[in-house]
Each structure stands twice: as C-alpha cells, then as structure tokens.
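# coords please:
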Amino acid sequence: MVAVARGRRCRGVVLLLLLSSVLAPLVLYGGSPVSVSTSGLHVASGVLDRDGEYNLVVAASDVSLTKDLTIERLGEHKNRVLSATEDWQVVEAASKNPAFEKSDASVSRKDPGSGDANVVITEGNGAAQSGRDGVIWEVVSRDRGSDGFTQPWEINGVIHSHSICVPSTTQPSVIVFQERSTGRLSEQVTKAIPKESYTPTTNSNSALPTSVSAGHSTTSPDATIRTIKDQLTRATTYLSLVASRGNHGFARELRARMRDIQRVLGDATSGGQLPQNVLSKIRAMEQTLGKGKRILDSCSGALNRLRATLHSTEERLQSHKKETNYLAQVAAKSLPKGLHCLPLRLTNEYYYTNSNNKKFPHIEKLEDPKLYHYALFSDNVLAAAVVVNSTIIHAKKPADHVFHIVTDRLNYAAMKMWFLANPLGEAAIQVQNIEEFTWLNSTYSPVMKQLESQSMIDYYFKSGQARRDENPKFRNPKYLSMLNHLRFYLPEIFPKLSKVLFLDDDTVVQQDLSAIWSIDLKGKVNGAVETCGETFHRFDKYLNFSNPLIASNFDPRACGWAYGMNVFDLSEWRRQKITDVYHNWQRLNENRILWKLGTLPAGLVTFWNRTFPLHHSWHQLGLGYNPNINEKDIRRASVIHYNGNLKPWLEIGLSRYRKYWSKYVDFDQVFLRDCNINP
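Predicted coordinates:
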C-alpha cells in the first residue's frame with residue numbers, strides 16, 4: 001500500500017509539471033487555448049482527475065501559438081509521461097480544418113471485443129490531448145522529409161511498439177501505434193475519446209482488422225462483402241453434398257444460416273451498407289461451415305462419388321439417345337391416320353369418276369423442251385400437292401411450267417384424282433405409274449436386282465439380324481422402293497427433254513424458279529447446292545474409305561451436295577453415259593461394302609467431278625432436323641427442304657417450321673375435311 005501511495009504521489013507530480021509546461025505559453029499569449037490549422041494544434045478545456053487528489057480545470061480561449069514552442073515544451077516531458085503512465089493509449093485528435101481532412105493519414109481500430117487490438121492514430125502537428133486517469137496522448141512532429149521509425153516501448157512489463165510516419169510539412173504529422181493488449185484496454189481507449197476526436201478509415205463491421213501507416217493503402221471495406229459471398233458459395237456446395245447423405249438436421253441449420261447471411265447482405269455493395277450485426281452472423285456461419293466440413297468425407301471420397309455419378313449419368317444419356325433415335329425412326333416410318341385415309345378416299349372417288357373426266361389438259365406441253373419441266377417421284381399425295389401448289393403460286397408464267405409426277409400403283413389413282421379435282425390452270429401436269437416402265441427391270445438395273453434379292457428382304461424385315469451398333473435409319477423400308485432410285489434414270493423417263501429440275505416431295509418452293517434453267521452448268525451434269533459448312537456432309541461420312549477402291553478414287557474431305565433440288569442437264573448426261581457409271585458402282589456395292597443403302601452416297605460417286613455448285617440461296621436444307629436455322633435464311637431461300645425425320649405432315653415435325661409448309665395446303669378441301677386433316 002505504501003508503494004502504491006508513493007506511485008500515485010509521483011504520478012501527480014509529473015502531471016503537474018507537464019500541466020505547468022503546457023499552461024505557461026498559454027498564459028504568455030493571453031490565457032487562451034491555442035488554435036492553428038495544419039501547422040498548429042487545438043487544445044480545448046480538459047479535466048484531469050485521479051482519485052480525487054488532483055482536480056484541475058483548464059479553460060482558455062483560442063489564440064495563435066507557434067508550432068516550434070509547443071513542440072519544444074511537449075518534447076521535454078514526453079519520456080517522463082510515458083514511463084509514469086500505467087495504462088495509456090494513443091488516439092487521434094482530429095482537427096476540423098478541411099485541409100487536415102484531406103491528409104493521407106489513416107486510422108484503423110479493431111472490434112473492442114477482441115483481444116487483439118490494432119490502433120492507428122493521426123494527430124495534428126504537436127497536438128496533445130488529456131483524458132481519463134491523467135493519461136496524456138501526444139504527437140511529436142518531425143522535420144520535413146524525415147523517415148518514420150519503429151521503436152519498442154514497455155508498459156507494465158509488456159513490450160509494445162510504435163512507428164512514426166512523417167508526411168510533408170503541408171500535412172499534419174502522423175504517429176501510428178500498434179499495440180497488443182486486452183480487450184478491456186481497447187474499450188477504455190474507446191470510452192476515453194469523444195467521437196469527434198478520431199475518424200476510422202475502415203468500417204467497424206470489417207471482418208479483419210487493418211493497421212497501416214499514413215500514405216499506405218488499407219484493406220478494402222468490401223472485404224466483408226467478399227467474405228459473405230464466399231461463405232454462401234461454400235454453404236451451397238455443402239448443402240448439395242450433405243442433403244444426399246441424410247444429414248437433414250445439419251441441412252436445416254445450414255439453410256437457416258444462409259437465410260440470415262443473405263438477409264444481412266441484402267443489396268449492399270460496400271461494407272458501409274452492412275448492418276451492425278454482420279460480424280456475429282459471419283462468425284455463426286463460419287461455425288456451421290466448420291461443422292459441415294467435419295461431416296463430409298475427404299475430398300478424394302467425394303471425387304470418387306462424383307466420378308461414379310458422372311459415369312452413370314453418361315451411360316443413361318447414351319441409352320436415352322439410342323432409344324430416342326429408334327423411336328424417331330419408327331415415327332418417321334409411320335403414316336398418320338389422315339394421310340392413310342386421304343389416298344383411300346381419292347382412289348374410291350377416281351373409280352367412280354367418268355372415264356371422260358380422267359384426262360389432264362395441255363398434254364401437248366409434256367414433251368416441249370422449251371418449257372420448264374419438273375420431276376417429282378412420290379407416294380405421298382399431300383406432300384406432292386404442296387410442291388406443285390407452291391411452285392405454281394410463285395411462278396411468273398404458270399403456263400410455261402410442266403410437272404411430271406411418278407408414283408407407285410397403290411397411289412396412282414389417288415394422285416391422279418387429286419390433281420383432277422384441283423386443276424393447275426394453264427400449267428401442265430402428268431401422273432405416271434412406275435409399273436408402266438417396262439424397261440426398268442432387274443436385267444437392266446443392278447439396284448432393282450438387289451432390292452428384289454432375298455438377302456435384302458431379310459435385312460429389312462428380320463430386324464433380329466441387324467448389328468446393334470448399326471444406325472437404324474439404314475433399315476428404313478423406303479430404301480426398298482424403286483421410287484427412291486428413279487432419279488438415276490431421268491434420261492430414260494424423259495427421252496425428249498434436255499433439262500429437268502428434280503424436286504423431292506418434302507420441299508416447298510418460295511420463289512419463281514424459271515431463272516434456274518438459264519444457269520450455265522459449264523459442262524457439268526448436276527447443278528446442286530454444296531454442303532461444305534456441315535461436317536457430316538463430307539464424303540467420309542457416307543463412303544467407306546477403309547476400302548481401297550473408295551480411298552483411291554475419292555477425297556474423304558470433299559464437299560457433299562444436297563439432293564432435293566437439282567437441275568440436271570440430260571444432254572450432257574447422255575453424252576457422258578452417267579447411267580452406266582451409276583450401274584457400275586452399284587454392281588461393286590452389291591454387298592454394301594462401299595456404302596450403306598440410300599441414294600445420296602450413290603449420287604456422290606456417280607456425279608463425282610460432274611457437279612456444278614449452285615448458290616446456297618437456291619436451296620435451304622435442314623428443316624427436318626435442325627431447330628436453329630436462321631429465319632432470314634429460310635425466307636430468302638428459293639426452295640426449303642424438310643430433309644430428316646421431322647417431316648411437316650408428322651406430329652413430330654418442328655412446329656416453328658410447319659407454317660412454311662401448311663400455308664400451301666387448302667384445309668377446306670373436301671377430301672381433307674373428310675379425313676380430318678387439320679392445320
């Protein structure tokens with residue numbers, strides 16, 4: 001107790017000495033407090049009170065005080081004050097001068113509740129502040145250009161350190177003290193200093209403390225925002241993993257924490273917009289995330305589970321793709337009820353019609369080479385009707401257009417009856433039955449011989465013998481129809497014509513096509529739009545280049561071209577004996593070793609180096625399989641082609657393209673109404 005009393009008396013003496021040294025210049029200059037801006041200081045009235053023994057009240061008015069005199073007086077007693085004071089902290093005495101507010105000084109203060117306090121103080125040059133327990137906070141000015149220094153100091157046996165950072169003379173001097181002490185001491189500092197006496201540069205909600213000298217960058221106040229977002233990302237990942245393992249209690253807790261942290265974050269874009277309780281929410285979320293980390297297995301275990309899940313998903317995806325492909329082929333081969341009804345009604349009507357009314361007009365145009373002749377081979381009455389109708393509507397001179405339709409004997413009467421019931425005006429039309437082509441037999445045509453063979457029939461109708469990895473589209477019975485191969489016999493079908501435009505029955509004509517007959521094919525036989533832009537239309541996608549016969553004659557990366565709208569020069573065809581070329585390749589492919597079934601591979605080898613590329617605007621492909629065709633390309637195309645399985649007359653057809661086809665169908669026609677065929 002004696003030692004304590006002696007210490008108190010000693011401390012009082014020191015404080016009186018310091019006070020006298022401070023008040024002496026004040027009395028000298030008129031007994032008023034001193035006020036200077038960036039080169040002076042501001043001392044307000046203060047109270048020093050310690051156990052009731054020393055009560056001093058200082059009141060004075062503002063007066064100018066030179067910086068050098070004040071610094072000298074304060075400097076004399078600095079060391080004694082530091083050693084005599086038991087608990088002291090350094091805080092900022094901020095000036096209200098606008099010039100001071102623009103200084104580079106920065107202040108950072110950690111949450112008083114923590115045990116690790118970092119306090120950064122800025123002061124005006126030579127300023128001093130007195131506070132509770134007689135503790136003095138002071139600033140020592142340095143000459144311009146002096147470097148900051150760091151020096152340890154001790155209070156009550158605890159080593160502390162402080163650094164003094166000195167800006168230019170136009171700015172206030174800065175002292176930065178970094179201290180490790182108890183939360184109680186930090187709290188005392190906070191309570192001892194009025195709010196207007198210091199200005200922290202970091203938000204009190206910051207998750208991490210910041211302590212830097214003046215002129216140095218501080219941690220961004222948006223660090224708290226980034227911390228919250230990082231926690232939300234981790235929480236989402238944990239939630240997806242633990243929910244699948246039955247940890248419902250933890251999942252509920254994690255969801256609650258996520259709601260709390262999201263509510264705190266709100267629309268905040270910076271740390272200053274966050275509420276006061278953000279730190280507690282962050283700590284609570286971190287505790288929950290730590291619990292989730294302990295619940296989960298190691299990363300390698302989670303990775304193995306993810307790999308197993310991925311592998312299983314890929315297998316299911318492949319299985320679904322195969323099933324989808326198979327079902328699409330089944331749907332493509334099916335015939336809707338309405339389209340089955342239509343030819344039956346037309347056939348019945350045809351045989352009830354008077355024989356005098358079964359002849360088409362303008363038969364004299366059928367062999368006139370000066371007119372525009374179209375070849376169409378189809379067993380679909382409605383599809384053929386759309387092709388002819390769309391061509392006539394857009395023709396500038398319909399009287400110059402002649403249509404040659406070839407169908408099978410089952411649909412011959414129906415096809416003929418449709419165009420008898422829906423005449424084409426001045427345009428001429430001819431409907432032929434493929435059975436009438438007596439010259440087309442297995443002796444003349446190798447492909448017809450192959451189609452009639454027992455092995456081919458077994459291939460199509462005994463599906464159990466098919467390889468599991470084989471594309472089901474090659475098993476479509478349409479390849480058994482000779483209508484599909486008539487395109488290779490155009491000179492024989494039209495012996496008196498010199499040029500023919502071939503159209504598939506799944507096309508729609510959108511512009512006048514008369515100009516295509518004036519295109520110079522430059523000695524080529526086939527005029528077609530190339531498909532170089534699509535990799536699956538290259539030669540190697542259709543032909544077997546592992547066979548030396550194919551590899552030695554063709555380029556695997558050569559551009560394919562499209563059947564569906566082709567202009568054929570029949571004069572050149574006859575001169576170059578293209579039919580013989582076709583027959584030769586068909587004989588070589590008797591066992592389907594060069595290509596699978598279909599007419600396009602046969603056309604590629606037959607018209608190799610004999611095809612003239614047309615501009616792509618003549619023929620737009622893909623409306624039967626590609627849902628992403630540009631609408632502008634469709635509208636400006638002369639002919640659009642629904643190649644693929646998704647035909648516009650089927651329910652599986654792409655709805656966004658059906659309008660281009662259905663607008664050429666008269667759904668009020670009596671036969672369509674009777675068969676319930678609607679848009």
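
# now the helices for the stretch 501-650 of the chain?
Assigned by DSSP state H, counting those that start in this stretch, the helices in the stretch 501-650 of the chain fall at 548-551, 570-576, 578-588, 600-606, 631-636.

# Now do the third one, average pLDDT.
Helix 578-588 comes out with an average pLDDT of 94.

# So which residues make contact with that helix?
445-447, 450, 488-489, 491-492, 525, 549, 573, 594, 602, 605-607, 610 (Cβ atoms under 8 Å, 6 or more residues apart in numbering). Every C-beta, even on glycine, is put in place using the N, C-alpha and C of the backbone.

# about what we covered before: can you tell me which of the helices of the stretch 501-650 of the chain is nearest to residue 249?
For residue 249, the closest of the helices of the stretch 501-650 of the chain is helix 631-636, at 54.1 Å, according to Cβ to Cβ.

# Next one: the closest residue to residue 613 other than its chain neighbours, what pLDDT does it get?
Counting by Cβ to Cβ, 6 or more residues apart in numbering, the nearest residue to residue 613 once its immediate chain neighbours are dropped is residue 530, at 4.8 Å. Residue 530 carries a pLDDT score of 90 in this model.

# Show me which helix runs longest in this protein.
helix 299-333 (DSSP state H).

# Next, count neighbours for the residue nearest to residue 613.
18 (other Cβ atoms under 10 Å).

# Specify the beta-bridge partners of it.
Counting by DSSP bridges, residue 530 is bridged to residue 561.

# I'd say residue 278 and residue 264 touch.
Yes. Contact criterion Cβ atoms under 8 Å: residue 278 and residue 264 qualify, at 5.3 Å.

# more neighbours, the two?
Comparing residue 278 with residue 264 by other Cβ under 10 Å, the one with more neighbours is residue 278, at 23 against 20.

# if I look at the residue nearest to residue 613, how far off is residue 284?
66 Å (Cβ to Cβ, to the nearest Å).

# got it, and residue 233?
17 Å.

# Also residue 359?
The value you get for residue 359 to residue 284, if Cβ to Cβ is used, is 92 Å.

# out of those two, which sits in the busier spot?
A direct count of neighbours by other Cβ under 10 Å for residue 359 and residue 284 places residue 284 higher, at 15 against 9.

# buried set for the host helix or strand of the more buried one?
Secondary structure from DSSP states H and E places residue 284 in helix 278-295. Neighbour-count burial for helix 278-295 flags 278, 279, 281, 282, 285, 288, 289, 292 (criterion: 16 or more other Cβ atoms under 10 Å).

# Wait, residue 568 touches residue 498, no?
No. Between residue 568 and residue 498 there is no contact under Cβ under 8 Å: 9.8 Å.

# Comparing those two, which residue is more hemmed in?
Per other Cβ under 10 Å, whichever of residue 568 and residue 498 has more neighbours is residue 568, with 26 against 17.

# how near is that one to residue 307?
56 Å.

# What of residue 659?
Counting by Cβ to Cβ, the gap from residue 659 to residue 307 is 46 Å.

# go on, residue 644?
When residue 644 is compared with residue 307 (using Cβ to Cβ), they lie 36 Å apart.

# Which of the two has more residues huddled nearby?
residue 644 (18 against 10).

# Can you list the buried residues in stretch 616-633?
Buried-residue list, stretch 616-633, by 16+ other Cβ under 10 Å: 616, 618, 619, 620, 621, 622, 623, 624, 629.

# Just the pLDDT at the second one, thanks.
It stands for residue 618. pLDDT, read off for residue 618, is 96.

# try the last one
Looking at residue 629, its pLDDT stands at 93.

# For it, which non-adjacent residue is closest in space?
Nearest one to residue 629, counting by Cβ to Cβ, 6+ apart, is residue 622 at 5.5 Å.

# I'd guessed that neighbour sits against residue 640; true?
No. Using Cβ under 8 Å, residue 622 makes no contact with residue 640, being 9.0 Å away.

# which residues touch residue 501?
372, 373, 374, 375, 513, 516, 517, 565, 566, 567, 568.

# Go again with 10 Å.
Taking Cβ atoms under 10 Å, 6 or more residues apart in numbering, we find residue 501 in contact with 372-376, 391, 401, 509, 513-514, 516-517, 527, 565-568, 639.

# Likewise for residue 549?
543, 585, 588, 589, 593, 594, 605.

# Give the bridge partners for the first one, please.
Looking back up the chat, that one is residue 543. Residues in beta-bridge contact with residue 543 (DSSP bridges): residue 595.

# burial count for it?
Neighbour tally, residue 543, other Cβ under 10 Å: 24.

# gap between it and residue 603?
Distance from residue 543 to residue 603, by Cβ to Cβ: 11 Å.

# so what's in contact with those two at the same time?
When contacts are counted by Cβ under 10 Å, 6+ apart, residue 543 and residue 603 are jointly contacted by residue 560.

# Let me see the domain layout of this structure.
Here the domain assignment for the chain is 221-297, 337-675, based on the TED database.

# what's the closest of those to residue 317?
domain 337-675 (17.0 Å).

# Quick check: which ranges of the protein have low pLDDT?
The chain contains residues with pLDDT under 70 at 1-221, 243-246, 296-302, 457, 459-480, 533-536.

# sorry, back to before: which residues sit in contact with the residue nearest to residue 613?
537, 558, 559, 560, 561, 562, 611, 612, 613, 614, 616, 619.

# Report the buried members of these.
Buried among the contacts of residue 530 (16+ other Cβ under 10 Å): 537, 558, 559, 560, 561, 562, 611, 612, 614, 616, 619.

# isn't the second one right up against residue 613?
No. Using Cβ atoms under 10 Å, residue 558 and residue 613 do not qualify as a contacting pair, with a distance of 11.9 Å.
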